[in-house]
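Trainee: sharing a model that was predicted from the sequence below.
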Amino acid sequence: MAWRIAGSYAATCSCNLICPCPVDGTPTSSDNECRGFLVFSINDGNLDGTDLAGVNVALYNHFPANLTSGNWKVGLVIDEGASDEQAEALERIFKGEEGGPFGELSNFFGEFLGSERDSVSYSDGDRPSASVGSASEVSFEPLEGPDGSPTTVKGAMFGFAPEFKIGRGRGKSDRFGLSFDPIYGEAADFEFASEQPAEAPAGRA
């Protein structure tokens, strides 16, 4: 079925600056594994008539090695304010059941950790922040160039956007048994669809 979601996101993980996962590098945390979470704030979207605008979704990940090695662990938390119909539609999208970029990424899944409901918040701006219940929170601090503009990564093999800001993630996270102290952070606007343009990079879970 046809679907589309668009909005903004903030992400963080346990990798030291700069996280190499978008270019399929080995994670740079102390145990060479990447634990992370991100919050998608959906401003516009639908799945065959189900309106998905206004829903926040948190995606948790554990990458035991570089991304194409597979065996990912992935969990979802969908905002408690979403309807059951919206939650079901978003679970199908992010699990890859509806095809598109998340369908491609699901080939790397080793274990789906489940889908839960909780408060999922997102605050937009130059330094976005996000939280999931009382278990996870992050504030994004962008790295800056000499002119004060944010440092970005463009054209990565795995990316939630064609170009995204990178920096530090400040906060905490402990959900789905994936406890870590945030170090790296990134943020951008995103748009995904079941019929993704050929030149657009696949999303990173």
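Mentor: Perfect, I can see it now. Numbers count the residues shown, from 1 in each chain.
Trainee: contacts only, for the closest residue in space to N16 that isn't next to it in sequence.
Mentor: Leaving aside its chain neighbours, N16 sits nearest to T28 (4.5 Å; criterion: C-beta to C-beta, 6 or more residues apart in numbering). (C-beta placed from N, C-alpha, C; glycine too.) Applying C-beta atoms under 8 Å, 6 or more residues apart in numbering, we find T28 in contact with C15, N16, C19, P20.
Trainee: just the ones of those residues in strands?
Mentor: Of the contacts of T28, none are assigned to strands by DSSP state E.
Trainee: just the buried residues out of these, in ChimeraX syntax.
Mentor: Buried residues among the contacts of T28 (16 or more other C-beta atoms under 10 Å), as a ChimeraX selection:
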select :15,19,20
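Trainee: closest to G145 out of the contacts of T28?
Mentor: Nearest to G145, judged by C-beta to C-beta, of the contacts of T28 is C19 at 18.6 Å.
Trainee: do I have it right that that closest one meets S29?
Mentor: No. With contacts counted by C-beta atoms under 8 Å, C19 stays clear of S29, the gap being 9.2 Å.
Trainee: okay, and the common contacts of those two?
Mentor: Any residue near both C19 and S29 by C-beta under 8 Å, 6+ apart counts here, and that gives C13.
Trainee: from the chain's centroid, how far away is stretch 83-92?
Mentor: Stretch 83-92 has its C-alpha centroid displaced from the chain centroid by 17 Å (C-alpha atoms, centre = their mean, to the nearest Å).
Trainee: to clarify, my last question referred to stretch 125-135.
Mentor: Its chain's average C-alpha position is 13 Å from that of stretch 125-135, according to C-alpha atoms, centre = their mean.
Trainee: list the buried residues of that stretch.
Mentor: For stretch 125-135, by 16+ other C-beta under 10 Å, it's R127, P128, S129, A130, S131, V132, G133, A135.
Trainee: buried residues, the helix ranked longest in the chain. List them.
Mentor: Counting by DSSP state H, the longest helix found in the chain is helix 84-94. Of the residues in helix 84-94, Q86, A87, A89, L90, E91, R92, I93, F94 count as buried by neighbour count, 16+ other C-beta under 10 Å.
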